[in-house]
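Engineer: Show me the folded form of this:
(chains A and B)
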Amino acid sequence: MKTVADAPVGAFRRALGDWALSEGMTWVFVFKALLTAFVALWLAYRLELPQPSTVLATVFIVMQRQSGEVLAKSFYRIIGTLLGLVVMVTLIALFNQERVLFLLCLAIWVGLCTAGAARYRDFRGYACVLSGYTAVMIGLPATFNPDGAFMQALWRVLEISVGILCTGLVMGLILPQTSGATLRATLATRFRDFAGFACAGLAGELEPQRMEQLSARFAAQAVALENLRNASAFEDPNIRLRSGRLARLNNEFMVLSTRFHALYQLLQRLQGEAGGHVLEALQPCLAQLGAELAPLAERLYSEGDATSLAQGLQISQQALMQRIRDGRQQLVERQADEARLTDFNTAAELLFRFANDLHGYAQTQASLADQHHARESWKGSFTPRANGLAAAVAGIRCALLILALSAFWLASSWPSGSTFVLTAGLVSALSSTSANPARLSRQLLVGATGSAVAGFVLQFWIFPWLDGFALLYASLVPVIAFGAFLLARPQTLGYGVGLLIWFCMLALPANQTHYLPYHFFNEYLAILASMGLVVVSMLILPPDRPWLWRRLEQDLRMRVVFAVSGKLKGLVDGFESGTHDLLNQAYGLAARRPDVQRQLLRWMFAVLEIGHAVIELRQEQAALPDEPCYAEDTPWQLGVRALGRALVRLFIQPDEANRQRALAAVEQAIQAVRDTPELRPPQFDSSPLRRVLSYLHFIRSSLLDPNSPLAEGSASLAGRVVHAP
Amino acid sequence: MPREIALFGVYMPSLTLLFLATLAGSWALDRLLAWFGLYRHAWHPTLLRMSLFTCLYGLIALYIYR
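Structural biologist: Presented below is the predicted three-dimensional model:
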């Protein structure tokens, strides 16, 4: 009897558990949003704050699914608010009598903030956004009443703080969805995907197209994880203690995927007649590493597994080295020529380094289990490196728009002109942090239109019947719940934000309710017109134009110049993180043009491959022992330096002549290295020149690659992008 | 301790300043607790931090208003 009854109960429990982990989370979020709104609104009315709408708008601006992000956003929001306050009070004090000058300065300030937000798309960007829009929120209403400007500004700060406090408390304390858990899950999934993809790549079954897709995703995840790590450190003391290790893990992953990509490219180039023997000799080594990665691709592995993985990898490195030696012996026995042997050596060196990087990654992953660990003291950092021009376009667009709207306001003396200008500032600022600003501003417009309808119904049919806070809140519940539901999904986030923020700002009764239908219509007309203009301005001055892509490509290529001439300390992490961030920005901007995205990805691969080889070459040079054959003025050192100069020239202006020049330089350097007598046994682990030779050879094979964008030359490239369908 | 403090000619409740002082103090305490790994034994670390802050602030407020 009992067993029969148990089965459906068990199934029901499982179904309930599944629901709780998927849809249930959304409902929990909706519930928390309702609770936060309730507490914040009640406090706002109870404390008799002049504008409860600011409190609630703040609540929805800061609200995120994960508590860590709420705290981080709140922190930067307070900083941004205070900064905006200081600037605004100064501006009001300076240009109070001069509307035109005041609005001009305001436009410049908001433009600067928007450009800043587009430049750093992390929480610093968020502080920029907020200081920009707190400035308009405080400044514009205060121009009507300059005597009370200071007091008004203080009220706004107080209201914003109340909103932040309520959101932080509710999201952090009640059924929190921690960012730390998301961070761990993202790390585990990313590694599993990588293991699957590396496994396929080593077995030679990976399609180049899939390789590109995954690489773009890894670049986006690298940036997202960095933000997540920053946010989680606010919330979870355990994550803060591991912050250095997490940053290191992210960097090690980027190095790992770059290394794998280099190996993959080299193996691709070896496909074909000439490389057949080399591949055959390399096969056992590839198979060994593939066999180690295969189990990792099948399930999510935890931090506990990482320890055993690290130990396993350490032991297998010896076996790998032995296999490499066997393979070389096999080639020698077949009397392969010098070029084939160098091919083999380069591939084997890359493979061994890949195994080594994998080991390092597993070690760092395993070290996360401990509270304190020696790996924490990592000096590197994540350096965001967005294109300044793209950011400047966003800033100039925003400033021009505000100027145009202000001119209209001054000319027409429209009573809702300040809302008109304010909304343009808010929408430009909000959308500038997004990867796809045009889409977000369209979503905001649709959301705000929805809020106009809801506000109209509530204001004219429901509110007149209500008496008391409980009834008022009950009438708001449907709108807030629906908005929070939209807010919970990344695809519909923009609709939710538009609906909630503009509903709160315009339809919510103030502490002294004024029933003014004309005012209501004017205000909604102002925000909808203003948002429409923002959307149009994004179409007129869009960020996706061929000149911008050429600039972004140029920026990507300049990363090689950075690798050649940058300071060696912190070079690897600066190079990796900057290049990935740049690609991530460019990829988002080119969202509507898959052909451009492909081209950008190919440039990133070329840059990462060659840049990474150059950096390792430089590290090798810096660590040379003090012997005459490694002296500064030996022919091979001079050859390597000449190569650096040729590469800089090539990446600044990628044409055929420069490529030939770089090829000649690398061949000369290779010859010089070969001609240098060395007193050490010619093994990788003992001979620096051997390693130098393999880096040089890799650079050479990369330059020779017919599929690389370098082979096409810059002139044909620009033409191709413009004329592509 | 006076209940109001003049700061650059503006009267501010002492509690506002003490709020900031408590924030700094509890931040230090928080770092200390995290360093010794005491949060591992807490069921809800955020709740614990919040409560600690409330207790500290309450104590200080009592000191003024007692």
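Engineer: contacts and neighbour counts: CA atoms only from here.
Structural biologist: Noted.
Engineer: mind checking the SS state of A:F382?
Structural biologist: coil (DSSP: H, G, I helix; E, B strand; the rest coil).
Engineer: Leaving out the residues flanking it, which one is nearest to it?
Structural biologist: Spatial nearest neighbour of A:F382, chain neighbours left out: A:S577 (5.5 Å); criterion: Cα to Cα, 6 or more residues apart in numbering or on different chains.
Engineer: Repeat that for A:I78.
Structural biologist: That would be A:S161: by Cα to Cα, 6+ apart, it lies 7.3 Å from A:I78.
Engineer: If I look at the one you found, what pLDDT would I see?
Structural biologist: pLDDT, A:S161: 89.
Engineer: so after the host helix or strand of it, what's the next helix or strand?
Structural biologist: Using DSSP states H and E, A:S161 falls within helix A:149-173. Per DSSP H and E, the first helix or strand lying C-terminal to helix A:149-173 is helix A:179-202.
Engineer: okay, that next one in PDB with CA atoms only?
Structural biologist: Provided in PDB are the C-alpha atoms of helix A:179-202 (Å, rounded to 0.1, in the frame of the first residue of the first chain):
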ATOM      1  CA  SER A 179      25.600  35.900  -7.300                       C
ATOM      2  CA  GLY A 180      28.100  33.500  -5.800                       C
ATOM      3  CA  ALA A 181      26.000  30.500  -6.800                       C
ATOM      4  CA  THR A 182      25.600  31.900 -10.300                       C
ATOM      5  CA  LEU A 183      29.400  32.500 -10.500                       C
ATOM      6  CA  ARG A 184      30.100  28.900  -9.600                       C
ATOM      7  CA  ALA A 185      27.600  27.500 -12.000                       C
ATOM      8  CA  THR A 186      28.900  29.700 -14.800                       C
ATOM      9  CA  LEU A 187      32.400  28.600 -14.200                       C
ATOM     10  CA  ALA A 188      31.500  24.900 -14.100                       C
ATOM     11  CA  THR A 189      29.400  25.100 -17.300                       C
ATOM     12  CA  ARG A 190      32.100  27.100 -19.100                       C
ATOM     13  CA  PHE A 191      34.700  24.500 -18.300                       C
ATOM     14  CA  ARG A 192      32.500  21.700 -19.300                       C
ATOM     15  CA  ASP A 193      31.800  23.300 -22.600                       C
ATOM     16  CA  PHE A 194      35.400  24.000 -23.100                       C
ATOM     17  CA  ALA A 195      36.400  20.400 -22.400                       C
ATOM     18  CA  GLY A 196      33.800  19.100 -24.900                       C
ATOM     19  CA  PHE A 197      35.100  21.500 -27.500                       C
ATOM     20  CA  ALA A 198      38.800  20.800 -26.900                       C
ATOM     21  CA  CYS A 199      38.100  17.100 -27.000                       C
ATOM     22  CA  ALA A 200      36.400  17.400 -30.400                       C
ATOM     23  CA  GLY A 201      39.200  19.700 -31.600                       C
ATOM     24  CA  LEU A 202      42.000  17.300 -30.600                       C
END
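Engineer: Which positions within it qualify as buried?
Structural biologist: A:179-180, A:182-184, A:186-188, A:190-202 (16 or more other Cα atoms under 10 Å in any protein chain shown).
Engineer: near chain B, which residues of chain A show up?
Structural biologist: A:172-173, A:235-238, A:241, A:371 (Cα under 8 Å from any Cα of the partner chain).
Engineer: can we see that at 6 Å?
Structural biologist: A:173, A:237 (Cα under 6 Å from any Cα of the partner chain).
Engineer: Buried residues of stretch A:293-309, list them for me.
Structural biologist: So, applying 16+ other Cα under 10 Å, buried residues of stretch A:293-309: A:293-294, A:296-297, A:300-301, A:303, A:306-307, A:309.
Engineer: quick one: the strands in the chain?
Structural biologist: Since no chain was named, I'll use chain A. Using DSSP state E, no strands are found in chain A.
Engineer: um, chain B though
Structural biologist: Under DSSP E, chain B gives strands at B:4-7, B:10-13.
Engineer: Setting aside sequence neighbours, what's the nearest residue to the residue at minimal distance from the centre of chain A?
Structural biologist: In chain A, the centroid-proximal residue (Cα atoms, centre = their mean) is A:V223; its distance is 3.1 Å. Nearest residue to A:V223, sequence neighbours excluded (Cα to Cα, 6+ apart): A:D581, at 6.2 Å.
Engineer: Distance of the one you found relative to A:F234?
Structural biologist: A:D581 is 23 Å from A:F234, where distance means Cα to Cα, to the nearest Å.
Engineer: which one of these two has more residues nearby?
Structural biologist: The neighbour count for A:D581 versus A:F234, taken as other Cα atoms under 10 Å in any protein chain shown, is higher for A:D581 (26 against 19).
Engineer: Tell me which residue lies nearest the centroid of chain B.
Structural biologist: B:T22 (2.7 Å).
Engineer: Excluding sequence neighbours, find me the nearest residue to that one.
Structural biologist: B:Y57 (6.1 Å).
Engineer: Quickly note the distance from the one you found to A:I324.
Structural biologist: 66 Å.
Engineer: Can you report how many residues lie near residue 18?
Structural biologist: Since you didn't name a chain, this refers to chain A. 12.
Engineer: nope, chain B please
Structural biologist: B:L18 has 14 nearby residues by other Cα under 10 Å.
Engineer: And the one 3 residues further on, by the same measure?
Structural biologist: When neighbours are defined as other Cα under 10 Å, B:A21 has 14 of them.
Engineer: circling back to that earlier point, report pLDDT for the residue nearest to A:V223.
Structural biologist: With respect to pLDDT, A:D581 has a value of 84.
Engineer: Could you report the separation of it from A:A657?
Structural biologist: For A:D581 relative to A:A657 (Cα to Cα), the value is 30 Å.
Engineer: Identify the residues contacting the closest residue to chain B within the stretch 1-150 of chain A.
Structural biologist: In the stretch 1-150 of chain A, the residue that lies nearest chain B is A:S67 (10.1 Å; Cα to the nearest Cα). A:S67 is in contact with A:171-172, A:178, counting by Cα atoms under 6 Å, 6 or more residues apart in numbering or on different chains.
Engineer: about what we covered before: now do the same for the residue nearest to the centre of chain B: its pLDDT.
Structural biologist: Per the predicted model, pLDDT is 93 at B:T22.
Engineer: Could you do A:L476 as well?
Structural biologist: For A:L476, the model assigns a pLDDT of 93.
Engineer: One more: A:G713?
Structural biologist: So A:G713 comes in at 55 (pLDDT).
Engineer: mind listing what the residue lying farthest from the centre of chain B touches?
Structural biologist: Relative to the centre of chain B, the most outlying C-alpha is that of B:G9, 25.5 Å out, by Cα atoms, centre = their mean. B:G9 makes no contacts at all, as judged by Cα under 6 Å, 6+ apart.
Engineer: and if you look at A:M171?
Structural biologist: A:S67.
Engineer: Roughly how far does it sit from A:F253?
Structural biologist: 31 Å.
Engineer: Against chain B, how distant is A:G360?
Structural biologist: Using Cα to the nearest Cα, to the nearest Å, A:G360 is found at 25 Å from chain B.
Engineer: Now do the buried residues in the helix holding A:S161.
Structural biologist: For helix A:149-173, by 16+ other Cα under 10 Å, it's A:149-150, A:152-153, A:155-157, A:159-173.
Engineer: go on, stretch A:59-71?
Structural biologist: For stretch A:59-71, by 16+ other Cα under 10 Å, it's A:59-71.
Engineer: before we move on, what about stretch B:23-40?
Structural biologist: In stretch B:23-40, counting by 16+ other Cα under 10 Å, buried: B:26, B:30, B:34-35, B:37, B:39.
Engineer: what's the answer for stretch A:676-687, then?
Structural biologist: In stretch A:676-687, counting by 16+ other Cα under 10 Å, buried: A:678, A:684.
Engineer: starting at the chain centroid, how far to it?
Structural biologist: Averaging C-alpha positions (Cα atoms, centre = their mean, to the nearest Å) puts stretch A:676-687 42 Å from its chain's average.
Engineer: got the residues of chain B near chain A?
Structural biologist: B:34, B:47.
Engineer: for chain B, what spans make up the helices?
Structural biologist: Per DSSP state H, chain B carries helices over the ranges B:14-35, B:45-65.
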